[in-house]
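In: Structure of the sequence below:
(one chain, ligands or ions: 1)
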Amino acid sequence: MHYEGKIYRPWIEADSLLIQVTLGCTHNKCTFCDMFREKRFRMCDLEDVYSDIEEARRLYRHVESIFLIDGNVLALKTDKLLQVLNKVTATFPECRHIALYGSMNDFNRKSVEELKALKAAGLSTAYAGLESGDRLILEQVKKEMTPEEVISGMARAKAAGIEVLLSFIFGLGGRERSREHIVETTRILNLTRPEQIAPMALALQPGTELAQQAEAGEFIQATPLQILEEEKYLLENLDFPTYYWGDHGNNILTLRGPLPQMQQRFLREVELAIAEHPVTQEEVLLTYAW
Ligand code: SF4
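Out: Coordinates of the predicted model:
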């Protein structure tokens with residue numbers, strides 16, 4: 001199998017077969033992220049992709065779930081992505097789930113017809129980073145995406161029937177902008193109603209611009225108490241059915257399940273942690289680099 005460089009996939013896709021289709025991320029500028037810093041975005045050689053798919057077929061008798069790596073595979077031209085999807089579904093007819101990373105602006109750059117064609121070819125789910133719904137924070141972290149672009153990208157995904165998991169980062173507004181961050185993030189989530197959501201507590205990745213800003217005192221990390229308060233606000237105010245993946249390894253609590261069914265139970269757990277968890281006495285949350 002051709003795997004190049006450090007490989008990332010959502011923790012939710014731990015059991016999926018990984019097929020590398022691209023290298024890196026087209027954007028590669030977010031101040032908090034070092035996932036693909038050493039890679040320049042390009043599509044892998046199609047012959048290599050095909051040979052990996054065939055080799056995986058020889059290795060695995062039954063594959064229900066496939067995740068296409070690396071960064072935003074959805075940025076590929078639609079005809080190229082269709083070629084890959086058609087090869088995957090022809091080779092693994094039993095596969096029920098094909099997912100990839102894609103940004104909201106990748107959705108915006110494709111027509112609904114193109115997205116429907118990708119869905120018809122087997123693409124089921126895209127993992128996209130919202131990070132924050134707050135315009136200023138999105139600018140500060142150089143996401144180069146506006147709340148309006150998130151709304152239009154999600155509308156296209158829904159029109160095409162492609163499920164979206166939107167991830168976002170507790171603490172991304174730092175100590176100063178914690179409230180605005182969670183209020184605006186919750187507002188965008190309620191407006192766009194993604195099928196799945198995944199909050200992750202901010203982990204400062206060594207060497208990133210954000211880590212340097214923190215060292216220079218230009219970015220003050222949110223306290224663990226603020227992070228719990230963000231999760232409390234979120235759970236008090238989300239008003240649509242979704243699946244909550246609040247169990248990332250850097251989160252204070254491990255909350256995972258369908259909303260609204262689990263919402264009150266999760267909220268009670270957060271309120272209990274705010275009242276009693278020793279981490280609320282700490283200045284900074286201990287997290288692990290990705
Ligand atoms: S957060 Fe996503 S879009 Fe931003 S640089 Fe990292 S991989 Fe690329």
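
In: who does whichever strand or helix holds residue 229 touch, helix- and strand-wise?
Out: Following DSSP states H and E, one finds residue 229 within helix 224-237. Counting by 3 or more CB pairs under 8 Å, 6 or more residues apart in numbering; DSSP states H and E, the packing neighbours recorded for helix 224-237 are strand 163-170, helix 178-192, strand 196-201, helix 263-276. (Each C-beta comes from the backbone N, C-alpha and C, glycine too.)

In: Surely residue 164 touches residue 195?
Out: Yes. Using CB atoms under 8 Å, residue 164 makes contact with residue 195 at a distance of 6.3 Å.

In: Show me which of the two is the more surrounded one.
Out: Ranked by neighbour count (other CB atoms under 10 Å), residue 164 and residue 195 place residue 164 first, with 23 against 16.

In: and that one, what does it touch?
Out: Applying CB atoms under 8 Å, 6 or more residues apart in numbering, we find residue 164 in contact with 125, 126, 127, 128, 154, 157, 194, 195, 196.

In: and what of residue 229?
Out: Neighbouring residues of residue 229 by CB under 8 Å, 6+ apart: 178, 182, 274.

In: Going by neighbour count, which of those residues comes out on top?
Out: Most surrounded of the contacts of residue 229: other CB under 10 Å gives residue 182, at 29 neighbours.

In: Isn't that one up against residue 227?
Out: No. Between residue 182 and residue 227 there is no contact under CB under 8 Å: 9.6 Å.

In: after whichever helix or strand residue 129 is part of comes which helix or strand?
Out: In this assignment (DSSP H and E), residue 129 forms part of strand 123-131. Downstream of strand 123-131, the next assigned helix or strand under DSSP H and E is helix 135-140.

In: that older thread, now the helices and strands packed on helix 224-237 as JSON lines including distance to the ligand and mean pLDDT?
Out: What follows is the helices and strands packed on helix 224-237, written out as JSON lines (distance: least, CB to the nearest ligand atom, whole Å; pLDDT from 0 to 100):
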{"stretch": "strand 163-170", "distance to the ligand": "9", "mean pLDDT": "98"}
{"stretch": "helix 178-192", "distance to the ligand": "15", "mean pLDDT": "98"}
{"stretch": "strand 196-201", "distance to the ligand": "11", "mean pLDDT": "98"}
{"stretch": "helix 263-276", "distance to the ligand": "26", "mean pLDDT": "98"}
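
In: Compare these and give me the one nearest residue 239.
Out: Across the helices and strands packed on helix 224-237, residue 239 has its closest neighbour in helix 178-192 (5.4 Å, CB to CB).

In: Could you check how many residues crowd around residue 279?
Out: Residues lying near residue 279 (other CB under 10 Å) number 16.

In: Just confirm yes or no for the strand holding residue 129 near the ligand.
Out: Yes. Judged by CB under 6 Å from any ligand atom, strand 123-131 comes into contact with the ligand through residue 129.

In: Quick check: pLDDT value at the residue nearest to residue 78 when sequence neighbours are not counted.
Out: With sequence-adjacent residues excluded and distances taken as CB to CB, 6 or more residues apart in numbering, residue 78 is closest to residue 114, at 4.4 Å. Residue 114 carries a pLDDT score of 98 in this model.

In: Kindly provide the distance from residue 114 to the ligand.
Out: Distance, residue 114 to the ligand, by CB to the nearest ligand atom, to the nearest Å: 21 Å.

In: Tell me how far that residue lies from residue 246.
Out: Counting by CB to CB, to the nearest Å, the separation of residue 114 from residue 246 is 33 Å.

In: And residue 27, by the same measure?
Out: Distance, residue 27 to residue 246, by CB to CB: 25 Å.

In: neighbour count winner among the two?
Out: More crowded of residue 27 and residue 246, by other CB under 10 Å: residue 246, with 25 against 20.
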